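My questions are about this predicted structure, shown below with the sequence.
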Amino acid sequence: MRILVIGGAGYIGSHVARAFLDRGYAVTVFDNFQTGLRENLFHDAAFVYGDIMRPEQLREAMREGFDGCVHLAALKAAGQSMLKPELYAESNISGTINILNQATAAGISRLIFSSSAAVYGSPQYLPIDENHPKEPENFYGFTKLEIERILDWYDRLKGMRYAAIRYFNAAGYDVRGRIKGLELNPENLLPIVMEAAAGIRPKLSIFGDDYPTRDGSCIRDYVHVSDLAEAHVTAFEYLLQHDRSLTVNLGSQTGVSVFEMVDRARAITGREVPADISGRRAGDPSELVASSAKARELLGWVPKYSDVDTLISSTWKMYEKFVTI
């Protein structure tokens, strides 16, 4: 089976490409290195340089013939999306339409889409399941929700079977150390903690210690990127076997507080991890935890690496080489 992984040189994309390769698929990575890295390419995968905003480049790549494609090419900074919505509308929505149009023209009828828990907005109940109201609070989340709606129409009108995978907080690195490049400009907690541990940044800012949680800091659901990657493979196989689309959450179903993550990082790295307490950030809910029951039921997906210690230790292996003092 041949898979085109669009955005396959990025942080999540490289892990997804590796998961398909590990299962014996023939993988081609399509990337423009806007956020992806050449060191994340594998010798056993083909590579095509290209941009999703260039339909002719997608057309040329897809002429080779594929059984399916994975779409991970998108802008993803929620804060930036509120300042520059035009960039996110063009890259995320128009770029996806380019992919869909070229894929259907090339006879590719199965697509795995990298969606986000940002489609839900602030939780009205916990854990968040797929039926939770969709009220995104940033333009990034809006683009993901709109793409899901577009996918539904292409399913009905063009026979494009899709799996929309709503990530919660992706973290960690391949436990076998096969991913070589660090995520560029990370905004999530764990890599920022690692930067503080390594001395790359002087300290970590913890935004708020007075939330109604067990220790006053925000609680989030972290899922190991290798567990996410494995779900892309099983989702593709679901499309093959059942010929119907699906939408699932992927999370560990376990909430970890900021203080808990920092304390375990100090213990595992043996580093100080300097931190100070800042005021709350606007729009930060106190707790976000996923229900992944649907993924477990339909895909048989059970996370293997999403415990806190594995998340931290696999990430520290990437950062400890940069320790400055």
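Received the coordinates, thanks.

Adjacent strands (with direction) for the host helix or strand of residue 111?
Using DSSP states H and E, residue 111 maps to strand 110-116. Looking at strand 110-116 with DSSP bridges, its partner strands are strand 68-71 (parallel), strand 161-167 (parallel).

hmm, who's touching the helix or strand following the shortest one?
If you walk from strand 68-71 toward the C-terminus, the next helix or strand you reach (DSSP H and E) is helix 78-83. The contact list for helix 78-83, computed with Cβ atoms under 8 Å, 6 or more residues apart in numbering, reads 75, 87, 88, 118, 138, 139, 140, 141, 143, 187. Bear in mind the C-beta positions are built from the backbone N, C-alpha and C, glycine included.

One more: stretch 173-184?
Here stretch 173-184 makes contact (Cβ under 8 Å, 6+ apart) with 9-11, 14-15, 18, 35, 37-40, 42, 191, 225-226, 305, 310, 314-315, 317-319.

can you do 6 Å?
Contacts to stretch 173-184, defined as Cβ atoms under 6 Å, 6 or more residues apart in numbering, come from residues 11, 14, 35, 37, 39, 40, 226, 314, 315, 318.

For these, name the two members farthest from one another.
For those, with distances taken as Cβ to Cβ, the pair at the greatest spread is 35 and 314 (20.3 Å).

Residue 294 touches residue 247, doesn't it?
No - Residue 294 lies out of contact with residue 247 (Cβ atoms under 6 Å); the separation is 8.3 Å.

where do the contact lists of these two overlap?
With Cβ under 6 Å, 6+ apart as the test, residue 294 and residue 247 both reach residue 130.

Surely residue 29 is within a helix?
No - going by DSSP: H, G, I helix; E, B strand; the rest coil, the assignment for residue 29 is strand, not a helix.

Name the nearest residue to it, ignoring sequence neighbours.
residue 8 (3.4 Å; Cβ to Cβ, 6 or more residues apart in numbering).

Residue ranges in the stretch 51-200 of the chain under the pLDDT threshold?
Applying pLDDT under 70 to the stretch 51-200 of the chain flags no residue at all.
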